[in-house]
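>>> Generate coordinates for the sequence data below:
(one chain, ligands or ions: 1)
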Amino acid sequence: MAVNRRFVLPGEAGAGGQGGRAGTDSTRTSVFAAILAEGSLSRGDVADLLGVAPSTVTKAVTPLLADGYLEETDAARTPAPSLGRPSKRLRVNKARHAAIGVKICQDRLIGVLTNLRTEIMDHRLVRLPEHSPGAVLDAVCELAATLAASAPADPDHVLGIGVGLSGHVDAEQRTSRHSALLGWNDVDVAGEVGRRTGLPTVVGNDVNALVVGQRWFGPARDCASFAVVTVGAGIGCGLFLNGGLYTGTSGMAGEIGHVPVQPDGPVCNCGRRGCLEAVASYDAVLRAIEARGGPRCHDIDEAIDLARRGTGPDAAAAAAAFAEAGGALGRALAWLYNMLNPEKLIIAGEGVKAQALFRPSMTEAVRAHTFSTAARDCDETTILIDDTDWARGAACLVIDAAIGALELGPRTPGAPAARP
Ligand SMILES: [Zn+2]
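Here you go, the predicted model:
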């Protein structure tokens with residue numbers, strides 16, 4: 001895949017050299033995200049929304065306009081004559097670039113091709129017969145090539161690839177440090193995919209990718225501080241604090257799944273005892289049903305059906321297992337509320353389909369363990385997301401990184417392209 005690139009991502013081979021510039025501009029990405037989330041904004045609106053000086057907005061917008069990431073539309077509001085000329089509005093030029101997002105799951109890959117407004121233009125699902133790093137990265141590269149082939153033929157059109165996966169991801173080093181779900185340690189995901197596809201590649205924790213997506217196109221569009229907690233096969237959490245994604249010193253922030261909620265509880269897949277994930281994940285609920293004398297359910301849907309049956313000891317065992325999981329989740333959420341006091345908490349993931357079974361005990365535990373108004377002032381939202389939302393979030397990661405790393409100034413015709 002030959003690519004004519006005009007940015008190099010921080011940490012990528014060649015960063016800081018010819019054709020690229022190390023470092024990112026977080027104000028520029030915040031400005032872009034605000035315009036994307038709102039649809040269109042004047043420069044003054046952006047300044048008001050972000051609480052920055054108009055000159056800061058102008059500085060951020062200039063390279064985005066010069067490179068066609070943003071476009072000006074006709075003025076939608078005409079101020080009073082005494083206030084001068086009407087202000088033009090800015091919107092994201094969706095046709096300028098496409099982006100590829102890939103979410104790596106234990107048994108499958110989900111890939112999307114989006115435009116610059118993160119609207120999905122194509123999506124694919126690939127089953128993974130195994131999840132060794134070599135086999136999975138082969139499949140990621142093949143999937144990316146398939147998606148890129150459905151984009152316009154302009155070699156500059158596909159901005160890059162964002163890859164999201166579970167566990168500890170070091171976005172700076174561009175590696176998967178540890179994924180218990182995949183059994184990976186120190187896998188150079190972005191380096192390998194970038195070298196083989198020729199496309200700038202970013203890797204991030206999958207929940208963090210989802211957080212960026214929820215800020216750009218989900219219910220957190222107007223939030224400066226929010227948390228996303230995902231419930232399903234695992235339990236994850238991503239944090240967006242004071243206007244930016246918070247990943248901690250080494251990318252580990254938000255590991256709510258390993259917060260201890262039952263000191264003498266079951267052993268977790270991390271080796272410790274009583275973690276939230278060991279009590280409230282899918283597998284944990286299935287094990288708890290059996291431990292209470294119920295049958296071995298094959299999957300969570302079977303367990304939900306059993307609990308909804310409502311009568312008999314098996315149904316009671318299933319209902320009690322979901323209630324126990326809800327209580328544990330509520331205790332962990334109370335800790336999160338007390339620590340962060342967020343504007344919004346989004347509970348997302350496949351597990352939301354069981355919320356009628358776990359929500360009463362979860363809500364009770366939150367009420368019992370939160371301090372003062374920590375939870376009352378927070379808007380709690382539950383959303384059932386699908387596979388493409390995860391992949392779309394991964395596409396946001398590469399758009400975000402590309403905007404932050406964009407070179408300043410007009411393009412020089414014939415300038416040498418930076419390559420990985
Ligand atoms: Zn654990």
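>>> Surely residue 110 is in contact with residue 125?
Yes: Residue 110 lies in contact with residue 125 (CB atoms under 8 Å); the separation is 5.6 Å. The way it works is simple: take the backbone N, C-alpha and C, and place the C-beta from them, glycine included.
>>> Which one's more surrounded, those two?
A direct count of neighbours by other CB atoms under 10 Å for residue 110 and residue 125 places residue 110 higher, at 23 against 13.
>>> For that one, pull up the helix or strand it's in.
Element membership for residue 110, per DSSP states H and E: strand 108-115.
>>> helices and strands around the following helix or strand past that strand, which ones?
With elements assigned by DSSP H and E, the helix or strand that comes after strand 108-115 is strand 120-127. Packing partners of strand 120-127 (3 or more CB pairs under 8 Å, 6 or more residues apart in numbering; DSSP states H and E): strand 108-115, helix 133-149, helix 387-404.
>>> Report the buried residues of strand 120-127.
122, 123, 124 (16 or more other CB atoms under 10 Å).
>>> Dig out what the first one forms beta bridges with.
To tie it back to what came earlier, the one meant is residue 122. For residue 122, the beta-bridge assignment (DSSP bridges) gives partners residue 113.
>>> give the contact list for it.
112, 113, 147, 150 (CB atoms under 8 Å, 6 or more residues apart in numbering).
>>> Okay, buried residues for the worst-scoring helix or strand of the chain on mean pLDDT please.
Averaged element by element with mean pLDDT, DSSP states H and E, the chain has its least confident helix or strand at strand 379-383 (a mean of 86). Buried positions in strand 379-383, judged by neighbour count with 16+ other CB under 10 Å: residue 381.
>>> The closest residue to the ion within the stretch 101-250 of the chain: what's it in contact with?
Nearest residue of the stretch 101-250 of the chain to the ion (CB to the ion) works out as residue 180 at 8.3 Å. Each residue near residue 180 by CB under 8 Å, 6+ apart is listed here: 166, 167, 269, 270.
>>> let's go with 6 Å and repeat that
The contact partners of residue 180, by CB atoms under 6 Å, 6 or more residues apart in numbering, come to residue 269.
>>> Tell me the pLDDT of it.
We have a pLDDT of 83 for residue 180.
>>> Specify the local secondary structure of the closest residue to residue 246 other than its chain neighbours.
Leaving aside its sequence neighbours, residue 246 sits nearest to residue 239 (CB to CB, 6 or more residues apart in numbering; 4.3 Å). Recorded secondary structure, residue 239: strand (DSSP: H, G, I helix; E, B strand; the rest coil).
>>> And for residue 239, the neighbour number?
If you count neighbours by other CB under 10 Å, residue 239 ends up with 23.
>>> Tell me the residues of the stretch 151-300 of the chain that contact the ion?
Contacts of the stretch 151-300 of the chain with the ion, taken as CB under 5 Å from the ion, map to 258, 268, 270, 272, 275.
>>> Out of those residues, who's the most crowded?
Highest neighbour count within those: residue 275, with 28 neighbours (other CB under 10 Å).
>>> my read: it touches residue 268, true?
Yes: counting by CB atoms under 6 Å, residue 275 does reach residue 268; the two are 3.8 Å apart.
>>> mind listing what's buried in the helix or strand encompassing residue 47?
Here residue 47 is covered by helix 43-50, with elements defined by DSSP H and E. By neighbour count on 16+ other CB under 10 Å, the buried set for helix 43-50 is 43, 45, 46, 47, 49, 50.
>>> Mind giving me the packing neighbours of that helix?
Contacts defined by 3 or more CB pairs under 6 Å, 6 or more residues apart in numbering; DSSP states H and E place helix 43-50 against helix 26-38, helix 54-66.
>>> now the first one, how far from the centre of its chain.
Yep, that's helix 26-38 we're talking about. Its chain's C-alpha centre and that of helix 26-38 lie 16 Å apart, by CA atoms, centre = their mean, to the nearest Å.
>>> Dump the C-alpha coordinates for that helix into CSV.
Taking Å, rounded to 0.1, in the frame of the first residue of the first chain, the C-alpha atoms of helix 26-38 are listed here in CSV:
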residue,chain,number,x,y,z
SER,A,26,-4.2,19.1,22.1
THR,A,27,-6.0,22.4,21.7
ARG,A,28,-6.3,21.7,18.0
THR,A,29,-7.8,18.3,18.6
SER,A,30,-10.2,19.8,21.2
VAL,A,31,-11.3,22.4,18.7
PHE,A,32,-11.8,19.7,16.0
ALA,A,33,-13.8,17.5,18.4
ALA,A,34,-16.1,20.4,19.5
ILE,A,35,-16.9,21.3,15.9
LEU,A,36,-17.5,17.6,15.0
ALA,A,37,-19.7,17.1,18.0
GLU,A,38,-21.8,20.2,17.4
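>>> What angle do helix 54-66 and it make with each other?
Interaxial angle of helix 26-38 relative to helix 54-66 (axes from the mean of the first three to the mean of the last three CA atoms, to 10 degrees): 70 degrees.
>>> avg pLDDT for helix 26-38?
89.
>>> Could you list every helix and strand in contact with it?
helix 43-50, helix 54-66, strand 89-92, helix 206-217, helix 387-404.
>>> in it, what's buried?
The neighbour-count check on helix 26-38 (16+ other CB under 10 Å) flags 27, 28, 29, 30, 31, 32, 33, 34, 35, 36, 37, 38 as buried.
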